[in-house]
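1. coords below, sequence missing:
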């Protein structure tokens, strides 16, 4: 199995993600595109010492961007939404 820090890349802190955290105790992460649900679950549990009940994943397509007459594309990325056990929290999402 891969290193957990190579699976979980960064937290996703959008308005929708913060709303999920507050309402349903779900946390969003950008994860490696090669990671599967079992690897994501074990990585979150190992890194943050919490119990994950379920994991949902989605792949977002990269947007096309233009700079004058030159066109490029941002890379595709994968997002995981992890539902935690009641009472568990991840401290990096909490304001300091």
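-> Good, I have the coordinates. As the structure is a prediction and not an experimental result, all values here were calculated from the model.
2. From residue 63, how far out is the closest residue to residue 88 other than its chain neighbours?
-> With Cβ to Cβ, 6 or more residues apart in numbering as the criterion, residue 88 has its nearest non-adjacent residue at 4.1 Å, and that residue is residue 50. In short, each C-beta sits where N, CA and C put it, glycine included. Per Cβ to Cβ, to the nearest Å, residue 50 is found 32 Å from residue 63.
3. So between these two, which is more surrounded?
-> residue 50 (18 against 10; other Cβ atoms under 10 Å).
4. Report the contact partners of that one.
-> With contact taken as Cβ atoms under 8 Å, 6 or more residues apart in numbering, residue 50 is in contact with 44, 84, 85, 88, 89, 90.
5. mind checking how far the second one is from residue 54?
-> Spelled out, that is residue 84. Note on residue 84: its distance to residue 54, by Cβ to Cβ, is 9 Å.
6. same deal with the first one?
-> Between residue 44 and residue 54 the computed distance is 11 Å (Cβ to Cβ).
7. the more surrounded of the two?
-> Just comparing residue 44 and residue 54: by other Cβ under 10 Å the higher neighbour count belongs to residue 44, 24 against 11.
8. ok, and for stretch 25-40, which residues are buried?
-> The neighbour-count check on stretch 25-40 (16 or more other Cβ atoms under 10 Å) flags 25, 26, 27, 28, 29, 31, 32, 35, 39, 40 as buried.
9. overlap in contacts of residue 44 and residue 54?
-> Joint contacts of residue 44 and residue 54 (Cβ under 8 Å, 6+ apart) are residue 82.
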